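S.K.: Quick one, fold the following:
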Amino acid sequence: MATVSRLTLPSEFTNPVNAALLIQPQPQFMYAMLLFQANAAAELRQGISSVGPNASRMFESSGFAVPDLGAMQLDLTDPEQRSSVMLRGAAITSLQFPNAQPQEVVRIMRPNFVDSTYTEASRRTTRATISTTAQNILGNDTVSVQIDEFSGPYSNAANAVQPLGLEGFDLNMSPSHNLIERAMLDLRRDRMKTVDAILSTKMFAAVQTSNYVYPGDSSQSLTTDNSAFTSQGDRTVDVETLQRSAKVLKDLGIPTFANGRYMAILSTRQVLNLKSSNGYQRLARYFPEKNPLFTNYVASVDNIDIFECATNPTATANSTITVQLGLVFGPGFVGYAGAKPCEVLAADDTNFGRRVSVIWSAWEGSAVMDDRFAVTVRSD
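M.R.: Numbering: from 1, shown residues only. All right, here's what the predicted structure looks like:
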């Protein structure tokens, strides 16, 4: 006898869907968080329940709530300290230019000073020795930052920024998760990863070779990876390496952060090596009540606060050796110019109210303000 079942009439059956959404592991995008902390707010947060090109054409979605991106990101902090751990907003100088347009170049000034003679004899004066001819102030350096429009998400297949498309029918009939919130999750993750990649690439590329610091190079004579590394693991980060990094900055007169310390962002392998080095346990201090938004704080050694980052880039030495890269820097190393805050935009064409396409967009620019303000810790 024929029976009506899932096997004979599958179209009449649907698989049950739970409200849970499994976690997709994500790094914390630390460089993006530095920028967001500098701007005093993260962007593209959850909470957008409707999208559309105008008030009369808004799309809403049914379904279960989608977890925030923060619930999926790797957090390298002790949970008991997490609420008090803050990344320093001063790590990135954030300035707003609300009237700037894309392709426009904005300028930020930095004063120059005249160096002369500073001996006792040269400054001992009488009425006869003081010149009556005035000298000019040396003037200012100018740092230029170009404002551009940045958008996402990007499609490798289309080789262009391509929106996420949401069908109105599906938004109302989704048996699982809220599709608008799901789209916002994708947009926020894309925005954060884009900002993180742009900033970290720019910061590491700007450091002068004279500001490279290698383990085991107390004379600071090494300036290239190929000459420093001959076999994998021959130069690992230790306390002395960080102390020399701070010395380079101090000798250049680079200011510290408000707490009197520099900031180090090391790779996960560098932190592992550091914790195994001689002197770390003796010198490392912890300041949970002063920890410079989120995270990644490891410890403080001398006048350096150490943070751990899973997205630091790497380099290659002698074609085979993977070089770990870390940064030690003071405030004012990188600058950000904002003209129009990041927002979600919906396409005008809704296919007669049946579809909405969305992107994120921001008018902004970033640049290294002064390449003297950072050293690269290079290890393997």
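S.K.: excluding its backbone neighbours, what's nearest Arg372?
M.R.: Using Cβ to Cβ, 6 or more residues apart in numbering and skipping residues adjacent in sequence, the residue nearest Arg372 is Leu252, 5.3 Å away. The C-beta positions use only the backbone N, C-alpha and C, and glycine is treated the same way.
S.K.: these two touch, right, the one you found and Asp370?
M.R.: No: look at Leu252 against Asp370 with Cβ atoms under 8 Å: they stay out of range, at 9.8 Å.
S.K.: more neighbours, the two?
M.R.: The neighbour comparison of Leu252 against Asp370 (other Cβ atoms under 10 Å) goes to Asp370, with 17 against 14.
S.K.: Spit out the contact partners of that one.
M.R.: 110, 143, 332-333 (Cβ atoms under 8 Å, 6 or more residues apart in numbering).
S.K.: Against Leu35, how distant is Ile198?
M.R.: 9 Å (Cβ to Cβ, to the nearest Å).
S.K.: picking that back up, filter the contacts of Asp370 to the buried ones?
M.R.: 143, 332-333 (16 or more other Cβ atoms under 10 Å).
S.K.: neighbours around Thr201, how many?
M.R.: 12.
S.K.: Let's see the pLDDT reported for the nearest residue to it once chain neighbours are set aside.
M.R.: If the residues on either side of it in the chain are set aside, Thr201 comes closest to Pro313, at 6.8 Å by Cβ to Cβ, 6+ apart. On pLDDT, Pro313 comes in at 93.
S.K.: so Pro313 makes contact with Phe204?
M.R.: Yes: using Cβ under 8 Å, Pro313 is in contact with Phe204, at 5.7 Å.
S.K.: Out of these two, name the residue with the larger neighbour count.
M.R.: Phe204 (19 against 14).
S.K.: Next, that one: secondary structure please.
M.R.: The three-state assignment at Phe204 reads helix, by DSSP: H, G, I helix; E, B strand; the rest coil.
S.K.: so how far is Arg123 from it?
M.R.: Counting by Cβ to Cβ, the gap from Phe204 to Arg123 is 43 Å.
S.K.: Then Thr194?
M.R.: 54 Å.
S.K.: Likewise for Thr350?
M.R.: With Cβ to Cβ as the criterion, Thr350 and Arg123 are 75 Å apart.
S.K.: Among the two, which residue is more densely surrounded?
M.R.: In this view Thr350 and Arg123 are compared by other Cβ under 10 Å, and Thr350 has more residues nearby, 18 against 10.
S.K.: which SSE is that one in?
M.R.: In the assignment (DSSP states H and E), Thr350 maps to no helix and no strand.
S.K.: wait, it sits on Val356?
M.R.: Yes: under the criterion of Cβ under 8 Å, Thr350 makes contact with Val356 at 5.7 Å.
S.K.: just the helices in the stretch 201-350 of the chain please.
M.R.: Ranges of helices within the stretch 201-350 of the chain are 225-228, 239-251, 268-275, 280-283, based on DSSP state H, counting those that start in this stretch.
S.K.: thinking again about what came up before, pick out whichever of the contacts of Asp370 sits closest to Phe150.
M.R.: Here the nearest of the contacts of Asp370 to Phe150, counting by Cβ to Cβ, is Val143; it sits at 19.6 Å.
S.K.: close enough to count as contact, that closest one and Asp371?
M.R.: No: the criterion here is Cβ under 8 Å, and Val143 misses it with Asp371 at 10.9 Å.
S.K.: Break down the stretch 101-250 of the chain into its strands, ranges please.
M.R.: Along the stretch 101-250 of the chain, counting by DSSP state E, counting those that start in this stretch, strands occupy 105-111, 140-146, 148-152, 154-155, 160-161, 164-167, 212-213.
S.K.: This completes my enquiry, with thanks.
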